[in-house]
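1. have a look at this fold, sequence not included:
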């Protein structure tokens, strides 16, 4: 039984840490640590820094500008980014669309779009969910109809993260209405800078503008933007979703949030003593810390199995379920640790460039909104109920 | 990273699990528990011949294993078979003997490994409630030897023992770490009485009382008053063993319950087709994987500094206590009425999982200990 990394992987980890220590701007890390937001420019600047080092899309094969890292190296990279409170690259293009392009796209599509992703020429968003197609994703209704060498697209997408920043969207659209609902779906790339595409903000319960509705009214996409075959989009969509779930154990983000929680518990007081010494609060922290330590090892076991050739299948559903539960519990405890100062609503204090004095402790403004925002974790990427369906079908054979 | 058993561990596990399944099935054990020793002495010797007892100890003291991983390998198989036999007693007492300088220690340890001696570990007391340093049994100097008086509680396989390893206070107040000594006491010693009974989990235990029990000076197994560190180390090994036992039992409960959900029909369909049960079972699965990870963490921490090691041990015991009870209760619920019956093997695994939380510290004890050790570390 050995939980340590190999000498090569450990050396790699040190290399990552050195890079982050040198290149990650401290004020960015501090904002992420305190659950505050970054501007579009800051995100793009950080992604450019990563790209200079060749680490913007390290999971891609070398021929497309990636590093061809092993499963273990990718795990270390994700984990160390989170521990350092570094921004993770926006995943929609780099981590979600790109693997689909690489596996199912043609040569022109690959050489055109992948390069632009690395250069930061495009900001991608994901056109999957619709008002009537959430967990039941195959129920998408947005249509694409051939008109010469173009598709004409009509319908509505929703929950589109950072759609307000994006110029490109990859969409699941219906190209056929007969047969099983999974069989009439196609995967198409659509330019958002056209009159037929309208983005409207959805303000979430934490007051943040992160997600949007996207309306298509006779929007157009060249047929060259169809990925793979028409009506085969469901296959590509599912392939993308397995990529989405492998990083959802969130153990890096949870470790870093737990450190902040402990620091707050040492600073806040109860009965004239640090909250960390309160019997019941200390027990709540200890429970989630133990659960996280266990989850780290469960994750390493899945990584180890994947490194020796096993594809992350339904195991990633287990990681998603428990990982999001653990993260939500930490967010909940951070909110509770604030006591009455969980109350003041200071959305502006969380925005980039804000010069607002916090009401209560400095760390207070971001934490309740972060807790509220975190309710999404058990809903998105396939809700935890859907994940349990997958586990019972694929692992338990029920 | 390496999560695979060593080839020696794999070989031992293969032969031990095969032996238990074939030669010592659950059904054959039920009747044995009613009277001492509560298990088959003949089978115990055969288990020793397989090397399952030697695997618990280091080659330096005559074993052929002794790492936490080796111990966990044996106990996971015991848990899978729900074997009630003095494995834990042998591990705990044998580990004290292995750490002892007394000339009596090595021959007795050799006999344990050979399956020829049963040495019970008598540490807990009626009022100690898992607190390792709370020892009120007293040992006072008596000529060249010692005289022991006090009471020991729920001593695993106490009524099968030829000898006891007994903790007793030679100085200090009742919960001091300093002043605890460890003694070897023959079961035949005058003034020692043993009241044996069967446990809920089907394994026997005993209440042991000592009234002016006199032993020679060489029966002191540690430096006088310096037994706590040994107790803590040995308890750590015992907890790894219990956690592995629990993981083995959890795997069996998972298989049995999964199989039941796939075959039992109600309302014209298998009950496993109902989402309410699917989701409960998916949670059970996740919890069991987390329990296994907790065990791995404890094994991996065995050679770490004390605070790191002991925190991982308490985290593991807490996790197994929590998950063991949860899975036991869920398994009974998902089986419905049949899960309530003595006849169904599942119910015996469920009881074992529940009782594991009452041995060597329960969830509350280990959560508090984890917090306290963390405060010391900070």
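-> Alright, I've got the coordinates. This structure is a prediction, so every number in the text was calculated from the model and none was measured.
2. what ranges do the helices span in the stretch 251-378 of chain B?
-> Taking DSSP state H, counting those that start in this stretch, the helices of the stretch 251-378 of chain B run over residues B:275-300, B:306-335, B:345-356, B:363-377.
3. which ones are touching residue B:146?
-> Taking Cβ atoms under 8 Å, 6 or more residues apart in numbering or on different chains, we find residue B:146 in contact with B:139-140, B:168, B:170, B:183, B:214-215, B:217, B:219-220. Heads up, the C-betas are built off the backbone N, CA and C, glycines and all.
4. buried subset of those residues as a ChimeraX selection?
-> Buried members of these, defined by 16 or more other Cβ atoms under 10 Å in any protein chain shown, are picked up in ChimeraX with:
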select /B:139,168,170,183,215,219,220
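5. closest to chain A among the contacts of residue B:146?
-> residue B:168 (32.1 Å; Cβ to the nearest Cβ).
6. dig out what that closest one forms beta bridges with.
-> residue B:181 (DSSP bridges).
7. wait, what's in contact with it?
-> B:135, B:137-139, B:146, B:148, B:150, B:180-183.
8. cool, residue A:150 as well?
-> Counted by Cβ under 8 Å, 6+ apart, residue A:150 has contacts A:220-223.
9. for it, phi and psi?
-> Main-chain torsions, residue A:150, degrees, to the nearest 10: phi -130, psi 160.
10. please identify the helix or strand for residue A:199.
-> Secondary structure from DSSP states H and E places residue A:199 in strand A:197-203.
11. given that strand, what are its sheet partners and their directions?
-> strand A:209-222 (antiparallel).
12. tell me the buried residues in the strand it pairs with?
-> A:210-216, A:219-221.
13. next, give me the two most distant ones among those residues.
-> A:210 and A:220 (27.7 Å; Cβ to Cβ).
14. what are the ranges of the strands in the chain?
-> In the absence of a named chain, chain A is used. A:124-127, A:143-147, A:150-157, A:168-174, A:185-191, A:197-203, A:209-222, A:226-227, A:269-270, A:273-274 (DSSP state E).
15. chain B was what I was after
-> Counting by DSSP E, the strands of chain B are B:119-122, B:138-142, B:145-156, B:163-169, B:180-186, B:192-198, B:204-215, B:265-266, B:269-270.
16. which stretch among those comes nearest residue B:76?
-> Closest approach to residue B:76 among the strands of chain B is made by strand B:145-156 (18.4 Å; Cβ to Cβ).
17. pLDDT of that closest one, averaged?
-> For strand B:145-156, the mean per-residue pLDDT is 98.
18. repeat that for stretch A:299-306.
-> 88.
19. close to chain B, is it?
-> Yes - with Cβ under 8 Å from any Cβ of the partner chain as the criterion, chain B is reached by stretch A:299-306 at A:300-301, A:303-304.
20. neighbouring contacts of that stretch?
-> So stretch A:299-306 is in contact with A:3, A:71-72, A:75, A:249, A:251, A:312, A:315-316, A:319, A:323, B:1-3, B:289, B:293, B:296, going by Cβ under 8 Å, 6+ apart.
21. how about stretch A:372-385: buried residues?
-> Neighbour-count burial for stretch A:372-385 [16+ other Cβ under 10 Å]: A:372-378, A:380-384.
22. same deal with stretch B:124-140?
-> B:124-125, B:128, B:130, B:132-139.
23. which residues does it contact?
-> Outside stretch B:124-140, the residues touching it (Cβ under 8 Å, 6+ apart) are B:123, B:146-155, B:166-170, B:174-177, B:180-181, B:183, B:210, B:228, B:231-232, B:235, B:360-362, B:365.
24. which of those are buried?
-> By 16+ other Cβ under 10 Å, those give B:123, B:146-155, B:166-170, B:174, B:177, B:180-181, B:183, B:210, B:228, B:231-232, B:235, B:360-362, B:365 as buried.
25. taking the stretch 51-200 of chain A, what residue is nearest to chain B?
-> residue A:72 (7.4 Å).
26. right, and that residue touches residue A:307 too?
-> Yes - with contacts counted by Cβ atoms under 8 Å, residue A:72 reaches residue A:307, the gap being 5.2 Å.
27. near chain A, which residues of chain B show up?
-> Counting by Cβ under 8 Å from any Cβ, chain B sits next to chain A at B:1-3, B:68-69, B:258, B:261-262, B:270, B:272-273, B:275, B:277-279, B:281-283, B:285-286, B:289-294, B:296-297, B:299-300, B:312, B:315, B:318-319, B:367-368, B:370-371, B:374-375.
28. name the helix or strand of the chain that has the lowest mean pLDDT.
-> Answering for chain A, as no chain was given. Averaged element by element with mean pLDDT, DSSP states H and E, chain A has its least confident helix or strand at helix A:233-246 (a mean of 76).
29. you looked at the wrong chain, it should be chain B
-> That would be, for chain B by mean pLDDT, DSSP H and E, helix B:26-29 at a mean of 80.
30. centroid residue for chain A?
-> The residue lying closest to the centre of chain A (Cα atoms, centre = their mean) is residue A:91, at 5.9 Å.
31. from residue A:157, how far out is it?
-> Distance, residue A:91 to residue A:157, by Cβ to Cβ, to the nearest Å: 17 Å.
32. quick one: distance of stretch B:279-287 to the chain centre.
-> Mean-position distance between stretch B:279-287 and its chain equals 26 Å (Cα atoms, centre = their mean, to the nearest Å).
33. likewise stretch B:37-52?
-> Distance, centroid of stretch B:37-52 to centroid of chain: 17 Å (Cα atoms, centre = their mean).
34. ok, back up a step: pick the most buried one from the strands of chain A.
-> strand A:124-127 (a mean of 27; mean count of other Cβ atoms under 10 Å in any protein chain shown).
35. wait, residue A:213 touches residue A:199, no?
-> Yes - Residue A:213 is in contact with residue A:199 according to Cβ under 8 Å; the separation is 7.4 Å.
36. give the residues shared as contacts by the two.
-> Counting by Cβ under 8 Å, 6+ apart, the common neighbours of residue A:213 and residue A:199 are residue A:160.
37. the residue in the stretch 101-250 of chain B that chain A sits nearest to: what's it in contact with?
-> Going by Cβ to the nearest Cβ, chain A is nearest to residue B:240 of the stretch 101-250 of chain B, at 10.6 Å. Applying Cβ under 8 Å, 6+ apart to residue B:240 gives the contacts B:68, B:71-72, B:75, B:295, B:298-299, B:302, B:313, B:316.
38. can I get these in CSV with pLDDT?
-> Conversion of these to CSV gives the following (pLDDT from 0 to 100):
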residue, pLDDT
B:68, 97
B:71, 98
B:72, 98
B:75, 98
B:295, 98
B:298, 98
B:299, 98
B:302, 96
B:313, 98
B:316, 98
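39. dump those residues into CSV; add distance to residue B:328 and neighbour count as well.
-> CSV is the format used below for the contacts of residue B:240 (distance: Cβ to Cβ, whole Å; neighbours: other Cβ atoms under 10 Å in any protein chain shown):
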residue, distance to residue B:328, neighbour count
B:68, 25, 22
B:71, 23, 24
B:72, 21, 26
B:75, 18, 27
B:295, 17, 30
B:298, 21, 28
B:299, 23, 24
B:302, 27, 19
B:313, 22, 31
B:316, 18, 32
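40. so which of those residues comes closest to residue B:29?
-> Nearest to residue B:29 among these, with distances taken as Cβ to Cβ, is residue B:75, at 17.2 Å.
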